[in-house]
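>>> sequence and predicted structure, then a few things I'm wondering about:
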Amino acid sequence: MSARPSSDRPRAPAPRSAALVAAFAAAVLAGGAGGAFGGPSDAADRPLAALAAQADAGDAAAQHELALRYATGRGVTMDRALALRYHLRAAEAGFAPSEYAVAQHFSGATGAGLDRPRAFDYLRRAARHGDAPAQVELGFLYYNGSDAVARDLPQAFHWLKKAADGGAVSAQCAVGDFYREGLGGVRRDDRAAVAWYRRTAVSRDRCAPKSQYELYRSHESGRGAPKDLQAAMGWLRRSAEAGNPVAQATLGRAYLQGYGVPRDPALARTWLRKSREGVAPHDDHEHDEPPAAGAMPRDAHGHRH
């Protein structure tokens with residue numbers, strides 16, 4: 001077997017991490033906490049008449065559930081204005097899911113109103129009151145910065161770590177990068193990074209292929225994990241098969257050079273070609289480089305993709 005493929009690692013780790021975190025932010029904004037106007041409610045099974053009476057008596061969970069029903073037209077005539085009024089009442093009582101729903105509303109998620117300072121205020125309230133999706137989104141917002149909040153990596157880590165500890169997979173992936181790269185004043189800790197990557201590599205989250213690739217890097221280099229080329233190549237293949245173009249290109253070069261796998265120029269061309277699909281037309285010359293991990297444009301929220 002020949003020497004290590006020459007370009008098996010991203011060359012600019014900090015931008016790569018920024019793009020990863022931004023990609024997670026886009027996923028959160030797309031999925032939210034059950035839609036554009038609030039997530040599931042503990043009061044979902046209560047009859048409408050009982051809900052209305054409880055809401056009028058100041059029950060924030062009932063107010064939140066009524067807001068969800070009027071927002072979606074579930075058992076009632078859809079009325080988004082009334083949904084917002086109920087969410088605002090629950091939010092003023094400190095009910096975190098409604099605070100997050102109001103934050104989404106003022107961020108433009110419902111298509112009826114854009115007030116980013118108010119959106120940030122409600123988002124921060126929801127995060128402080130323990131709403132995990134709000135914590136994730138607030139962490140990403142601090143990571144990228146916006147016209148409502150300055151970029152603040154220590155605050156980004158604070159909120160992402162809270163969400164990660166609560167089980168939010170996208171936040172766990174990002175926390176792994178904070179430890180890997182020593183971002184935001186976090187002490188660089190390769191073992192901690194690998195521990196977070198192991199949690200997320202077996203998930204169904206969109207960040208799993210990236211975590212799998214990080215485990216390849218860790219085992220291949222011995223950084224944060226035992227140096228084990230066989231284990232490294234297993235993670236690399238999983239990442240490539242899951243559609244990670246960086247992993248696909250790295251696997252292609254491995255087959256080209258016979259590094260960790262039998263030399264196979266045909267398979268090399270196949271994986272190198274896969275790494276380019278949907279990116280830009282290229283020829284199949286073996287010296288072509290894959291797109292750098294994380295080299296993505298900004299989306300409408302200011303996040304890189």
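Sure, I can see it. Numbers count the residues shown, from 1 in each chain.

>>> switch to C-alpha atoms for all contacts and neighbour counts from now on
OK.

>>> residue ranges with poor pLDDT in this structure?
1-45, 278-305 (pLDDT under 70).

>>> can you rerun that using 80?
Applying pLDDT under 80 to the chain flags the ranges 1-46, 110-113, 147-148, 278-305.

>>> can you give me the strands in it?
Ranges of strands in the chain, per DSSP state E: none exist.

>>> quick one: the helices in it?
13-31, 48-56, 60-72, 80-92, 96-106, 116-128, 132-144, 153-165, 169-181, 190-201, 208-221, 229-241, 245-257, 265-276 (DSSP state H).

>>> dump those helices to JSON lines, plus mean neighbour count.
JSON lines is the format used below for these (neighbours: other Cα atoms under 10 Å):
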{"stretch": "helix 13-31", "mean neighbour count": "20"}
{"stretch": "helix 48-56", "mean neighbour count": "15"}
{"stretch": "helix 60-72", "mean neighbour count": "26"}
{"stretch": "helix 80-92", "mean neighbour count": "21"}
{"stretch": "helix 96-106", "mean neighbour count": "29"}
{"stretch": "helix 116-128", "mean neighbour count": "21"}
{"stretch": "helix 132-144", "mean neighbour count": "27"}
{"stretch": "helix 153-165", "mean neighbour count": "22"}
{"stretch": "helix 169-181", "mean neighbour count": "27"}
{"stretch": "helix 190-201", "mean neighbour count": "21"}
{"stretch": "helix 208-221", "mean neighbour count": "25"}
{"stretch": "helix 229-241", "mean neighbour count": "21"}
{"stretch": "helix 245-257", "mean neighbour count": "27"}
{"stretch": "helix 265-276", "mean neighbour count": "21"}
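
>>> Gly125 reaches Ala101, doesn't it?
One correction, residue 125 is Arg, not Gly. No - the criterion here is Cα atoms under 8 Å, and Arg125 misses it with Ala101 at 11.3 Å.

>>> leaving out chain neighbours, which residue sits closest to Ala168?
Ala132 (7.1 Å; Cα to Cα, 6 or more residues apart in numbering).

>>> over to Val261?
Tyr255 (6.1 Å).

>>> so the residue nearest to Ala168 makes contact with Ala163?
Yes - counting by Cα under 8 Å, Ala163 is a contact partner of Ala132 at 5.4 Å.

>>> re earlier: what sits against the residue nearest to Ala168?
163, 166, 168 (Cα atoms under 8 Å, 6 or more residues apart in numbering).

>>> wait, the first one sits on Val136?
Put plainly, it is Ala163. Yes - here Ala163 lies in contact with Val136, judged by Cα under 8 Å, at a distance of 5.8 Å.

>>> quick check: neighbours shared by these two?
Ala171.

>>> so what's Gly201 closest to, chain neighbours aside?
Actually, residue 201 is Ala. It isn't Gly. Per Cα to Cα, 6+ apart, closest to Ala201 is Ala208, 4.4 Å.

>>> tell me the contacts of that neighbour?
By Cα under 8 Å, 6+ apart, Ala208 lies in contact with 173, 200-202, 239.

>>> could you single out the nearest of the contacts of Ala132 to Gln230?
Using Cα to Cα, Ala168 comes nearest to Gln230 of the contacts of Ala132, at 29.9 Å.

>>> phi, psi of the closest one?
Dihedral angles of Ala168 (phi, psi; degrees, to the nearest 10) stand at phi -70, psi 110.

>>> can you get me a residue count around it?
For Ala168, the count of nearby residues is 19 (other Cα atoms under 10 Å).

>>> need the contact list for the closest residue to Leu84 other than its chain neighbours.
Excluding its sequence neighbours, the residue lying closest to Leu84 (Cα to Cα, 6+ apart) is Ala67, at 6.6 Å. By Cα under 8 Å, 6+ apart, Ala67 lies in contact with 82-87.

>>> how close does Ala52 sit to Ala83?
According to Cα to Cα, to the nearest Å, Ala52 and Ala83 sit 13 Å apart.

>>> okay, and the common contacts of those two?
Leu66.

>>> ok, for Arg191, nearest residue in space, not its chain neighbours?
Arg191 sits nearest to Gly224 (Cα to Cα, 6+ apart), 4.2 Å away.

>>> neighbours of the one you found, just the number please.
18.

>>> and Pro262, by the same measure?
Neighbours around Pro262, by other Cα under 10 Å: 12.

>>> residues touching the closest residue to Asn244 other than its chain neighbours, list them.
Once flanking residues are discounted, Asn244 sits nearest to Pro209: 5.9 Å by Cα to Cα, 6+ apart. Applying Cα under 8 Å, 6+ apart, we find Pro209 in contact with 201, 238-240, 242-244.

>>> just the C-alphas of stretch 156-172, formatted as CSV.
Extracted as CSV, the C-alpha positions of stretch 156-172 are listed here (Å, rounded to 0.1, in the frame of the first residue of the first chain):
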residue,chain,number,x,y,z
ALA,A,156,-22.7,29.9,21.0
PHE,A,157,-20.9,27.1,22.8
HIS,A,158,-22.9,27.8,26.0
TRP,A,159,-26.3,27.3,24.3
LEU,A,160,-25.2,24.4,22.0
LYS,A,161,-23.7,22.6,24.9
LYS,A,162,-26.9,22.9,26.9
ALA,A,163,-28.9,21.6,24.0
ALA,A,164,-26.4,18.8,23.4
ASP,A,165,-26.6,17.7,27.0
GLY,A,166,-30.3,17.5,26.6
GLY,A,167,-30.0,15.2,23.6
ALA,A,168,-30.2,17.6,20.6
VAL,A,169,-28.2,15.7,17.9
SER,A,170,-27.4,18.7,15.7
ALA,A,171,-26.0,20.5,18.8
GLN,A,172,-23.9,17.5,19.7
